[in-house]
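**Q** no sequence on this one, just coordinates:
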């Protein structure tokens, strides 16, 4: 299995024997020389090597971007990510939180949608990282099911180190600085609201204070697993996530 935070499976099933079933696996950071069939003699990759031997091995490919979000957008659409708004001229070309507005536009044509129109049943298992919502926390306008997939199980965001509870944060320095600034603002806001509530200076509901306080927990909001539109784990149980994703993929293929 590829590392969970870097992979997803695209599965396309068709009942007509004249049309082949399709299974695509994408790994963001897998280099050309990382597997045995392309010359690596220090890492053992027998299953991938067997696929190459029994099937077709390609030797030329140009990735549209070296990062998760834009490379996936290009892979799904066949277009440069800048054309769909999934790339930019700034230093941040990746979606950095689940709740952020923005993502792959619903009017983009993905090859999943084309296959769906040809009668295939389609699924995406694993990491999406193409956005989730537009105007509200539940409109799901960028959800995989709006991009040609009949079934989705996995992470709408990505697997940052915050999900593992380690001190070695994966977010770069500028994003960490933003998180720290936002955390300070949230803490000050919660303290102000709490003082106002206790002293009756202004009316505020406890629910609002709790919502502001919870907003500061990155792990709670970003590290989630979904099945279609429903959240199945929040935060996700990291030690079981890989096996859960594998079981979902096998289950879908068997169905």
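**A** Nice, thanks for sending it over. Here the structure is a predicted model, which means the values were calculated and not measured.
**Q** Would you confirm that residue 163 contacts residue 234?
**A** No. Residue 163 is beyond contact range of residue 234, at 11.2 Å (criterion: CB atoms under 8 Å). In this view, the C-beta of every residue, glycine as well, is placed from N, C-alpha and C.
**Q** Show the contacting residues for the nearest residue to residue 45 once chain neighbours are set aside.
**A** Sequence neighbours aside, residue 35 is the residue nearest to residue 45 in space, at 4.3 Å (criterion: CB to CB, 6 or more residues apart in numbering). Contacts for residue 35 (CB atoms under 8 Å, 6 or more residues apart in numbering) come out as 43, 45, 48, 49.
**Q** ok, now residue 153?
**A** Residue 153 neighbours (CB under 8 Å, 6+ apart): 123, 124, 125, 225, 226, 227, 228, 245, 248, 252.
**Q** which parts of the helix or strand hosting the first one are buried?
**A** If I follow you right, that is residue 123. In this assignment (DSSP states H and E), residue 123 forms part of strand 121-127. Within strand 121-127, the residues that count as buried by 16 or more other CB atoms under 10 Å are 121, 122, 123, 124, 125, 126, 127.
**Q** Quick one, grab the pLDDT at the residue nearest to residue 45.
**A** Looking at residue 35, its pLDDT stands at 90.
**Q** ok, it to residue 114 distance?
**A** 29 Å (CB to CB, to the nearest Å).
**Q** out of the contacts of residue 35, which are buried?
**A** 45, 48, 49.
**Q** so which of those residues would you say is closest to residue 84?
**A** Residue 84 lies nearest to residue 48 out of those, by CB to CB, at 30.1 Å.
**Q** quick one on the thing from earlier: among the buried ones among the contacts of residue 35, which ones are in helices?
**A** Among the buried ones among the contacts of residue 35, DSSP state H puts 48, 49 in helices.
**Q** Output the buried ones among the contacts of residue 35 as CSV; include the columns distance to residue 85.
**A** Converted to CSV, those look like this (distance: CB to CB, whole Å):
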residue, distance to residue 85
45, 36
48, 34
49, 38
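**Q** what sits against residue 149?
**A** Listed by CB under 8 Å, 6+ apart, the contact set of residue 149 reads 112, 116, 122, 123, 124.
**Q** Check these and tell me the two furthest apart.
**A** 116 and 124 (11.7 Å).
**Q** Just to confirm, what's the three-state secondary structure of the closest residue in space to residue 227 that isn't next to it in sequence?
**A** Nearest residue to residue 227 in three dimensions, chain neighbours excluded: residue 153, at 5.0 Å (CB to CB, 6+ apart). Under the three-state scheme (DSSP: H, G, I helix; E, B strand; the rest coil), residue 153 adopts strand.
**Q** re earlier: can you flag which of the contacts of residue 153 belong to helices?
**A** Those of these mapping onto helices are 245, 248, 252, per DSSP H.
**Q** Run a quick check on the last one versus residue 126, I expect a contact.
**A** No. In this structure residue 252 lies outside contact range of residue 126 using CB under 8 Å: 11.8 Å.
**Q** Alright, that wraps it up for me.
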